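Enquirer: With the sequence up front, the predicted model follows.
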Amino acid sequence: MAPQIAPSILSADFARLAEDVALISGTADWVHVDVMDNHFVPNLTLGLPVVEALLKHSALPLDCHLMIEDPDRWAPQYAEAGAGSVTIHAEAAKAPIRTLRAIRSAGARAGLGVNPATPVEGFEDLLGEIDMLLLMTVEPGFGGQRFLDVVLPKVRRAREMIKGRDLPVWVQVDGGVSAETIERCADAGADVFVAGSAVYGADDPSEAVRRLKAQAEKATAAAAW
Ligand SMILES: O=C(CO)[C@@H](O)[C@H](O)COP(=O)(O)O
Ligand SMILES: [Fe+2]
């Protein structure tokens, strides 16, 4: 799959979300929406009502990343509302298979996320239940953190696992992805890149997306996977 860029609106202006989403509509592939509940992570952002409102204003599909304690209860509702993709965290879900199936049944892509210290090997048998594996490259909770290079071998192993099973599962990296780190991620096997501060901290967010995508495309073309 060609590399895709998903700017995170965590670094946008929360009072001008529709305008900030419109800024990247011409160059980005997804709008990444970080839902945080102050329980699974020590930060509080937005929830279903804001996502429902944003869906009416976004030309791009919403990629909802649920960093919440009870994703089994909430995730299907984001899919039913019209999100293009809904990701639950493996550390939080109590019935991941049921929840992933409910997301797909509601017409969204189903994502499974893992924190930096959570191994992917335990989830190999779930690969057939998901459309995307999200590998956090920072500890979840905040934008603008430093990229954790220590996660890159896991990105590589995840890509190998997926390739070994011949499944169309996307590998998303999230956290600290920038012009400095995106090539290493693409080389390791990532094909969906979340970037918050690297996009919304730039003078021209749309141009920042275009550049990140060009870098990812070049690194992917040269990659062994
Ligand atoms: O899920 C998260 C943080 O928990 C991310 O989506 C961040 O919002 C990415 O921001 P940057 O690290 O790119 O600034
Ligand atoms: Fe995220």
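Expert: That came through, no problem. Ligands and ions are numbered 1, 2, ... in the order given.
Enquirer: what helix or strand is the nearest residue to P119 once chain neighbours are set aside on?
Expert: Closest residue to P119 apart from its sequence neighbours, by CB to CB, 6 or more residues apart in numbering: K154 at 7.2 Å. Using the backbone N, CA and C atoms, a C-beta is placed for each residue, glycine as well. According to DSSP states H and E, K154 maps onto helix 152-165.
Enquirer: now for that helix, which elements pack on it?
Expert: When contacts are defined as 3 or more CB pairs under 8 Å, 6 or more residues apart in numbering; DSSP states H and E, helix 152-165 packs onto strand 132-136, strand 170-174, helix 182-188.
Enquirer: May I have the last one as CSV, with CA atoms only?
Expert: As requested, the backbone C-alpha atoms of helix 182-188 are provided in CSV (Å, rounded to 0.1, in the frame of the first residue of the first chain):
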residue,chain,number,x,y,z
ILE,A,182,9.6,9.2,9.0
GLU,A,183,12.2,7.5,6.7
ARG,A,184,13.3,5.2,9.5
CYS,A,185,9.6,4.2,10.1
ALA,A,186,9.0,3.6,6.4
ASP,A,187,12.1,1.5,6.1
ALA,A,188,11.0,-0.6,9.1
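Enquirer: For the longest helix seen in the chain, list every residue counted as buried.
Expert: Longest helix of the chain, by residue count under DSSP state H: helix 205-222. Residues P205, S206, A208, V209, R210, R211, L212, K213, Q215, A216, A219, T220 are the ones in helix 205-222 that count as buried (16 or more other CB atoms under 10 Å).
Enquirer: what does it contact?
Expert: 2-5, 7, 20, 23-24, 26-28, 177-179, 182-187, 191, 193, 195, 198-199, 202 (CB atoms under 8 Å, 6 or more residues apart in numbering).
Enquirer: can we see that at 6 Å?
Expert: Helix 205-222 is touched from outside by 3, 5, 23-24, 26-28, 182-183, 186-187, 193, 195, 199, 202, with contacts defined as CB atoms under 6 Å, 6 or more residues apart in numbering.
Enquirer: rounded to a whole number, what's the mean pLDDT of that helix?
Expert: The pLDDT scores in helix 205-222 average 98.
Enquirer: start at 249 instead
Expert: Understood, numbering begins at 249; the last thing we discussed is helix 453-470.
Enquirer: centre of the chain versus that helix, how much separation?
Expert: Taking CA atoms, centre = their mean, to the nearest Å, the mean C-alpha location of helix 453-470 is offset from the chain mean by 17 Å.
Enquirer: Tell me the residues on this structure that lie near ligand 2, please.
Expert: Within the chain, the residues that sit near ligand 2 (CB under 5 Å from the ion) are D282, H313, D422.
Enquirer: Now do the same contact list for the first one.
Expert: What it means is D282. Going by CB under 6 Å, 6+ apart, the list of residues near D282 reads S256, L258, T293, H313.
Enquirer: Skipping its backbone neighbours, what lies nearest it in space?
Expert: L258 is the one closest to D282 (CB to CB, 6+ apart), at 4.5 Å.
Enquirer: Quick check, that neighbour in contact with G391.
Expert: Yes: using CB atoms under 6 Å, L258 is in contact with G391, at 4.4 Å.
Enquirer: where do the contact lists of those two overlap?
Expert: G444.
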